[in-house]
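S.K.: structure, please.
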Amino acid sequence: MSEEVRRPWWRAAVDLPETIGWRDHVIGALIGCAYVAWLLSTARSLGFARDEGFYFHAATTYARWFELLASSPHDALKRASVDAIWSENHEHPALMKSLFALSWMFLHQKAHVFADASTAFRFPGMVMMGLAQWVTYLFGARAYSRRAGAMAAVLLGLMPRVFYNAHLACFDVPIMAMWTWCMYLYWRSQTQGGIWWAILAGIAYGLTLETKEAAWYLLVPIVPHALFVQFRAVVGKRGAARFALPGALLGMVTLGPLVWYALWPWMWNDTLPRLQEWFAFHLNHVYYNMEFLHETYFSAPSPRGYMPVMILATVPTVTLVLFAVGLVGRGKVHYGRLRAWSRDAAEGAEASVVSLDRGEVDLLSLLVFGAALGPWLLPRTPIFGGTKHWFTAYPFLCLFAGYAFDRVATALRGALRDARGWAEGSHNTILAQGALVACVVAAPLAETAHSHPFGLSSYVALVGGTAGGADLGLNRQFWGFTTQSLEPYFEAKAPRGASVYYQDTASSSWQQMIEEKRIRPDLRGAGSPDADIAIVHLERHMLEVEYNEWSVFGTDIPDYVLTHDGVPIIDVFRRKR
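M.R.: Residues are numbered from 1 along each chain as shown. A predicted model of the protein is given here:
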């Protein structure tokens, strides 16, 4: 008989009750806060994407309206004031740009929490990433286990492309966070019932609509899921229950558009024409260039293999393996449910098995996953955004991965319990479980940390890393954000007051770098290669730009090449004096 291992004193302090409660909100928040701290610590070393420059300007414009609203509400609500300010950059809803503005006003200008204006602009997006991890943890903890939720939240943050985008004053990580939060509240409404959960789901959907236009097709997975759950409930009760419209769905289709309208002043006047203009803009969006497998796509049809190949090439492989294992594991659970239900139905027994999962979380996750990825299999869907446009699928991918990790950890625990000298709670057991966590987390952590500040150039080891992605002809960057990484070159080689052709960097992004002294303030931006220094961001469709620079500078040999893992990112040409 084995000797009982004495329980460590600290276990009483960390052991959690079986019921998910407030302590789990603390755990989820701590995971999110730790990640936000990581983002803040790396923010200054990451240059500005093209879109960020536009949103910085929009945020400072909107800030004028908030200041007017505080000082003179009557004047702020007049059509002249609303239209003059909110006409700025209205292709996306106003929530995130409003948060950028408020963060800049209070955390940079007034409280001086952030020395850089850009960090204040970016901070709301970083907080949204923390929210995404918080909600992912809660989702996984309630659906499967705390261990599954924690690993899902961690793996969501350990993706190079997600890490890069989580820094930005943009909308792709925020819509991922709001989408996940909205789905979580909808699911809670289905499992808990009650009007308050339905109201919360409706408000959350309105805020999701106000984050990005992708929220409009969030109903695509919700409607079939809600109808299935209601139909199953009726069948399970042998027709004794009446079919009723789910409260969460009702709250979303009624409260959601109202919240969206209330928070977007641009839509307050001439609503129908502006709504038509907005939909037309996105339905007929310009098709930007994107390289895929050595071919640049300038227009539709898009390659149907783009999305699955890019997921394989950019999501850490261990996460994808766990996702596949988790998907198969949950499939086996539901196959067992279906067999039991069929047996009971054949025997005329009460088919109680259909009520085992009131929220049908796996069905919901699969429907959401499919809705997020489905459009990228259509030939008319532009691929110019790279992976960011399907980030909404990743929390649900990670939920299945977290479930798989939990099953593996449980199996390891059982095997160790039966082994000699590996009693529950012993140091050996704790070390073995810690080693399992390290085996899962180490590679994604290393890949994510190493990718910075070249997140869009980074590819996972499965395809050979950054060099492998370049060899495959996958896009190595876009948005012109890598210009800041030339700062050491500018410091060493650029003459005082030199003009610099910043090529794919937006002029507003260049100006922000100058103002924050991320590059030398004496450098002057130029709009053409006829400058003292000219750069070219190395994308396949930028070859014409480089040819022009060869002509201007009289050489095809760059003065400097910025690289990441040996892969050229920017060529720099300098006029000899």
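
S.K.: quick one: the top strand by length along the chain to chain centroid distance?
M.R.: Ranked by residue count, the top strand of the chain under DSSP state E comes out as strand 567-574. A distance of 29 Å separates the centroid of the chain from that of strand 567-574, by C-alpha atoms, centre = their mean, to the nearest Å.

S.K.: next, the buried residues of that strand.
M.R.: Across strand 567-574, burial judged by 16 or more other C-beta atoms under 10 Å covers V567, I569, I570, D571, V572, F573, R574. (Each C-beta comes from the backbone N, C-alpha and C, glycine too.)

S.K.: so which elements touch it?
M.R.: helix 465-471, strand 533-537, helix 543-553, strand 560-564 (3 or more C-beta pairs under 8 Å, 6 or more residues apart in numbering; DSSP states H and E).

S.K.: need the residues that contact the second one.
M.R.: This points to strand 533-537. 477-478, 480, 482-483, 486, 490, 494, 498-505, 526, 542, 545-546, 549, 552-553, 569-575 (C-beta atoms under 8 Å, 6 or more residues apart in numbering).

S.K.: check the longest one too.
M.R.: Contacting residues not belonging to helix 543-553 are listed as Y501, Q503, P529, D530, A534, V536, L538, D556, D571, F573, R574, R575 [C-beta under 8 Å, 6+ apart].

S.K.: top of these by neighbour count?
M.R.: When the contacts of helix 543-553 are compared by neighbour count (other C-beta atoms under 10 Å), A534 ends up highest, at 27 neighbours.

S.K.: retrieve the pLDDT associated with that one.
M.R.: On pLDDT, A534 comes in at 97.

S.K.: what of G455?
M.R.: In this prediction G455 is given a pLDDT of 96.

S.K.: from Y137, how far off is it?
M.R.: Per C-beta to C-beta, to the nearest Å, G455 is found 23 Å from Y137.

S.K.: the more surrounded of the two?
M.R.: When G455 and Y137 are compared for neighbours, Y137 comes out ahead with 29 against 23, by other C-beta under 10 Å.

S.K.: in this structure that one contacts R147, no?
M.R.: No. Contact between Y137 and R147 fails when scored by C-beta atoms under 8 Å: they sit 10.5 Å apart.

S.K.: between those two, what contacts are shared?
M.R.: In contact with both Y137 and R147: no residue, using C-beta under 8 Å, 6+ apart.

S.K.: follow-up on the earlier one: hey, which of the helices and strands packed on strand 567-574 is tucked in deepest?
M.R.: strand 533-537 (a mean of 26; mean count of other C-beta atoms under 10 Å).

S.K.: show me what the longest helix along the chain is packed up against.
M.R.: Secondary structure of the chain per DSSP state H: the longest helix is helix 317-346. Packing partners of helix 317-346 (3+ C-beta pairs under 8 Å, 6+ apart): helix 361-373, helix 394-418, helix 427-451.

S.K.: thinking again about what came up before, kindly reformat the helices and strands packed on strand 567-574 as CSV containing distance to P93.
M.R.: Putting the helices and strands packed on strand 567-574 into CSV (distance: least, C-beta to C-beta, whole Å) gives the following:
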stretch, distance to P93
helix 465-471, 33
strand 533-537, 29
helix 543-553, 34
strand 560-564, 34
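
S.K.: can you flag the weakest of those by average pLDDT?
M.R.: Looking at these, the bottom one is helix 543-553 with a mean of 93.

S.K.: what's the nearest residue to R520 if we skip its chain neighbours?
M.R.: Spatial nearest neighbour of R520, chain neighbours left out: F490 (5.5 Å); criterion: C-beta to C-beta, 6 or more residues apart in numbering.

S.K.: for G473, same thing?
M.R.: Once flanking residues are discounted, G473 sits nearest to H294: 3.2 Å by C-beta to C-beta, 6+ apart.

S.K.: what ranges does the stretch 1-150 of the chain have for its helices?
M.R.: Assigned by DSSP state H, counting those that start in this stretch, the stretch 1-150 of the chain shows helices spanning 11-14, 22-42, 50-71, 73-76, 79-86, 95-103, 117-143, 146-157.

S.K.: most tightly surrounded among these?
M.R.: Taking mean count of other C-beta under 10 Å, helix 146-157 is the most buried of those, at a mean of 27.

S.K.: output the contacting helices and strands for that one.
M.R.: Using 3+ C-beta pairs under 8 Å, 6+ apart as the test, helix 146-157 ends up in contact with helix 22-42, helix 117-143, helix 160-166, helix 394-418, helix 427-451.

S.K.: just how off-centre is it within its chain?
M.R.: So, by C-alpha atoms, centre = their mean, the centroid of helix 146-157 is 15 Å from its chain's centroid.

S.K.: so in that sheet, which strands flank the longest strand of the chain, and in what orientation?
M.R.: Pairing partners of strand 567-574, with direction, according to DSSP bridges: strand 533-537 (antiparallel), strand 560-564 (antiparallel).

S.K.: quick one: closest of these to F323.
M.R.: With C-beta to C-beta as the criterion, F323 lies closest to strand 560-564 of the strands paired with strand 567-574, at 27.3 Å.

S.K.: and the contacts of that closest one?
M.R.: Counting by C-beta under 8 Å, 6+ apart, 454, 457-458, 466, 482, 485-486, 489, 493, 568-572, 574 sit against strand 560-564.

S.K.: switch the cut-off to 7 Å
M.R.: Residues outside strand 560-564 that contact it (C-beta atoms under 7 Å, 6 or more residues apart in numbering): F454, S457, T466, T482, S485, L486, Y489, P568, I569, I570, D571, V572.

S.K.: got the phi and psi for the first one?
M.R.: Translated: F454. phi -110, psi 50 (degrees, to the nearest 10).

S.K.: same check on the fourth one?
M.R.: The main-chain torsion angles of T482 are listed as degrees, to the nearest 10 and equal phi -80, psi 0.

S.K.: work out which residue lies at the spatial centre of the protein.
M.R.: V173 (3.2 Å; C-alpha atoms, centre = their mean).

S.K.: flag the shaky bits of the stretch 451-577 of the chain, pLDDT-wise.
M.R.: For the stretch 451-577 of the chain, residues meeting the criterion pLDDT under 70 lie at 577.
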